[in-house]
Every structure is written in structure tokens, then in C-alpha cells.
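Asker: Sharing a model that was predicted from the sequence below.
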Amino acid sequence: MTDKKPFDLNQHTFALLRQEPFFAALSRRITKYATNAIPTAGVKLNKDTAQFEMIYNPEFLSKLTDTELAGVMKHEFYHIIFEHVTGRLPPEGMSMMWNVATDLAINSHLVNELPEGALIPGQDRFEKYPKGKSAEWYFSELQNDPDMQPDDGEGQGEGDSDGESGGQGSGTPQPLDDHSGWGEADAETKAMAKERLRQAVEDAAKEASSRGSWGTVSSEMRKKIMDMVNPKVDWRKVLRYFIKTSQKSNKRSTVRRINKRFPYIHAGKKVSRTAKIAISIDQSGSVSDGMLAAFFAELGGLAKYAEFTVVPFDTEVGEEHVYVWKKGKRNTWDRVLCGGTCFNAPTKWVNERDFDGHIILTDMCAPKPIPSKCQRMWMTDTDGKNSQYFTTNERVIVIEP
């Protein structure tokens, strides 16, 4: 009789997440280790590598059903996605409340998927707590919950070294998984880990979108994830910054300005600042009229900083429709082409001319183009950002009409 092999989560991951394209893609980017140092499972940040890791007790996982096992994995991944591991910790003595709050927020989306003992809003001890709230909301409510208060008026201690028991009453609910070590890394390591996570989540989201399914991820949770990947920025401010940083300094002599170093000997210099910006407009029908209208309205106020050349394109540049935006003029937009989309066409056209910056207004639905000789920025809508065909280090800004 041979000894039974220890449970290896890596061998089961593909089958467990076969119907979960988003989590399957994210799982491939997170290292998993078996250990007997914790009773269940957990996630942590490796302070040496700035990488997130999932750790698990193989004996605990081996007793779970496939549904429960997949649920535990998704639970741990959600802790990473929403930065519970690297985020700011609550005040001293309140770590247990925060641990419970984060579990309640996550488990709202994993009802009937977790093993017995998981903390779920609307069930058992938390029957009166509504589902779908944030960790911060649950944390606020828990502070007024009698069962979460310390015994005999004593302060809330930090608990045992495993981070799972605190100074609250003996009947205090405990998270199913291990939350020890959260928030311990230095600021630089956390920042590096967060950026790697953001990229991993973005890549997983794109992979799921390309397959046409996010599995069991609800539309509400999907929105939260995409908001994390694409933090909202004021696109108008970004547009102004791009244009102003593209400005070149044009100097010319003038006797009207006194030369500070050689007054009345040499003529002074008058400096005028302007920028030549190419605005390439994708003609495909998926570029909404609302996005075009909002963008053109903003350009009208920026004409004093730059000279705009509007470049309509589909698979080629519509040269007969290219025009220079006159300062102080209000322009409206009409579709003048109706073909497919090729980003090489406007990029080549701009590269062959003297421009300081290039903005492409598009739905991002075409292959990655050749490099640009001047700084280039992409402007799209939310759908375009979520389904862009290629990755780039250049700015991709979402326009909200």
C-alpha cells in the first residue's frame, strides 16, 4: 500500500477554475505554497520579491468540495485585488474588526461557495447585515456591534501572533482564513507590489474579456475591479497637461524688449510658446458621438496653447479631409470615412511631418501600431479601455462625456 500524496493545489487549479476565465488568468500570476504553519489558507506579500503569494494548509483544502475549494481561492484573490494585504491598517486594537469586515465584503459575492464557518452577510451571526457593502461600511457597523466589543471593559488587544484572535469576547466571529502579516512591508515594496498587481489584474481582465466571459464575477464586482485597474482621472486636465508639455519655445529678436545682460547693445529676445498637435480621429462607428462632442468642446478652449491638425482616418488617412483648427474657432465633427481601423496609417502620416504631439481618439480596436516620433496619447471611452487590443506604456485616457 502506497502512502497518499499530499494535496497539491497547483495540480487542481485548472480544473477548479475552468469556468472562471478571470480568476484562472489571475491565478497563473500568483505563486501558491503549501504549509502547515496556518490552519486554513491565506495570502501575503513576500517582502523580498514584492510578489503576492497564496499559502494554504494542504490537509484543510483536501477536505473541501470542488465548489468550496474554488470559493476559497477566489476569496483569497479578492483580498489581493482589493489591497487588503497592502492597504492601510485600522487603528491599534481593531484589527479583528477589520479582518471580519473584509471577509464580509468579499463573501457577499461568494454565497454558497465557501466551507462552513465563512462569515457571510445575511446568514447566521450576521443575519441583519446586508450584502454587497464595502469593507469600510462593515467596519463602521461592527464598531457598534455588542458582540464585537472587548470583554469586561478591557481594551482590544492585537491578539495572537497569527493575527486571527483579538481582545474581543470569546464568542467573537473569526475569519475562516489567515490574515497575518498584512500591511507589514515598507512603502516602496508595497508600491512595487501594487503596480505588479494592477498589471496582473488588467491582463486577467483583458483575457477574460477576449473570451467573452468573466465566469461568476458579477457585473457589480466587475465594475469594482475595472475601477481599480483604471482609476478615474480628470481627462480634461490630462489633455491640457499633454498639450502644454508638448510646447516648443520659439525665440526671435526684438528691439522692443530690453536685453537684460547687454541693455541697448543687443536686441532682446521675445519668446512665444506654441505646440503643433495632430488629432487623429478614428472613423469607425463604435467611436461614439458623445465622446467626439465632449472632446471637441474641450479642444475649443485649448486652441490658445496649440495649433491642432485634425486627421480623420480608417485604414488610411483621409488627406482631403485634414484641416488645421484655427485659433478661436469652434469646430463640430462629421464622419467623413467609414472603413476599418489601422493605427499605422495616422502614425506614419504624423511621423512624416513636424508635430510635437499626437493624440488618437479611438475605440482601441485595432493592432498595436508602429512607434511614434513625437509623444503620443490615446483617448477612448470606458468600453474601449476595457477591450483594447494591445498593451502600451503610452497614456490611455478615458473620456467621459
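Answerer: Structure's in. What do you need? Numbers count the residues shown, from 1 in each chain.
Asker: Wait, a helix at A118?
Answerer: No. With DSSP: H, G, I helix; E, B strand; the rest coil as the criterion, A118 is assigned coil and is not in a helix.
Asker: Please tell me the pLDDT value assigned to D48.
Answerer: Listed pLDDT for D48 reads 88.
Asker: and what of G155?
Answerer: Value listed for G155 in the pLDDT field: 41.
Asker: swap in F22?
Answerer: 94.
Asker: mind checking how far it is from S209?
Answerer: Per C-beta to C-beta, to the nearest Å, F22 is found 9 Å from S209. Where you see a C-beta, it was placed from the backbone N, CA and C, and this is true even at glycine.
Asker: One more: P175?
Answerer: 32 Å.
Asker: Just the strands from this structure, written as ranges.
Answerer: 31-34, 41-46, 51-56, 248-258, 267-274, 276-282, 307-313, 323-325, 357-361, 375-380, 395-398 (DSSP state E).
Asker: helices and strands around the third one, which ones?
Answerer: In this case it means strand 51-56. strand 31-34, strand 41-46, helix 66-81, helix 187-211 (3 or more C-beta pairs under 8 Å, 6 or more residues apart in numbering; DSSP states H and E).
Asker: hmm, 10 Å instead?
Answerer: Identification of packing neighbours for strand 51-56 by 3 or more C-beta pairs under 10 Å, 6 or more residues apart in numbering; DSSP states H and E yields helix 9-16, strand 31-34, strand 41-46, helix 66-81, helix 187-211.
Asker: Would you mind giving the ones you listed as a markdown table with mean neighbour count and distance to V217 added?
Answerer: Shown next, in a markdown table, are the helices and strands packed on strand 51-56 (neighbours: other C-beta atoms under 10 Å; distance: least, C-beta to C-beta, whole Å):
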| stretch | mean neighbour count | distance to V217 |
| --- | --- | --- |
| helix 9-16 | 15 | 15 |
| strand 31-34 | 14 | 20 |
| strand 41-46 | 23 | 18 |
| helix 66-81 | 22 | 9 |
| helix 187-211 | 17 | 8 |
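Asker: And this protein, what are its domain boundaries?
Answerer: What automatic domain parsing lists as the domains of the chain is 9-229, 235-398.
Asker: how distant is the first one from the center of its chain?
Answerer: How far domain 9-229 lies from its chain's middle: 18 Å, per C-alpha atoms, centre = their mean, to the nearest Å.
Asker: any idea which of the domains of the chain scores lowest on pLDDT?
Answerer: Looking at these, the bottom one is domain 235-398 with a mean of 81.
Asker: Pull up the distance across that one, start to finish.
Answerer: From its first residue to its last, domain 235-398 covers 7 Å (C-alpha to C-alpha, to the nearest Å).
Asker: For the closest residue in space to V229 that isn't next to it in sequence, give me its contacts.
Answerer: Sequence neighbours aside, E202 is the residue nearest to V229 in space, at 4.6 Å (criterion: C-beta to C-beta, 6 or more residues apart in numbering). Listed by C-beta atoms under 10 Å, 6 or more residues apart in numbering, the contact partners of E202 are I225, M226, M228, V229, N230, K385, N386, Q388, T391.
Asker: what would the residues you listed look like in TSV with distance to A306?
Answerer: Formatted as TSV, these follow (distance: C-beta to C-beta, whole Å):
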residue	distance to A306
I225	36
M226	32
M228	33
V229	30
N230	26
K385	24
N386	30
Q388	26
T391	28
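Asker: With respect to A187, which of those is nearest?
Answerer: Relative to A187, the closest of these is M228; by C-beta to C-beta it sits at 19.2 Å.
Asker: residue contacts, the closest one?
Answerer: Contacts of M228 by C-beta under 10 Å, 6+ apart are I81, F82, E83, K194, L197, R198, V201, E202, A205.
Asker: do the same with K276
Answerer: Counting by C-beta under 10 Å, 6+ apart, K276 has contacts 246-248, 306-309, 324, 350, 353-357, 374.
Asker: Check the gap between the residue most central in space within the chain and Y78 for me.
Answerer: The centre of the chain sits closest to V229, judged by C-alpha atoms, centre = their mean, with a distance of 0.9 Å. Distance of V229 to Y78, computed by C-beta to C-beta: 14 Å.
Asker: before we move on, the earlier item: my guess is the residue nearest to the centre of the chain contacts V396, does it?
Answerer: No. Applying C-beta atoms under 10 Å as the test, V229 and V396 come out as separate, 11.3 Å apart.
Asker: rewinding a little: separate out the buried members of the contacts of E202.
Answerer: Using 16 or more other C-beta atoms under 10 Å as the burial test, these include I225, M226, M228, V229, N230, K385, N386, Q388 as buried.
Asker: Restricted to helices, list these.
Answerer: I225, M226, M228, V229, K385, N386 (DSSP state H).
Asker: For the closest residue to S387 other than its chain neighbours, list the residues it contacts.
Answerer: Among residues not flanking S387 along the chain, S209 sits closest, at 5.3 Å (C-beta to C-beta, 6+ apart). With contact set as C-beta under 10 Å, 6+ apart, S209 has these partners: P21, F22, R222, M226, D383, N386, S387, Q388.
Asker: Can you select the buried ones from the contacts of K276 in ChimeraX?
Answerer: Remark: buried members of these, expressed as a ChimeraX selection using 16+ other C-beta under 10 Å:
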select :246,247,306,307,308,309,350,355,356,357,374
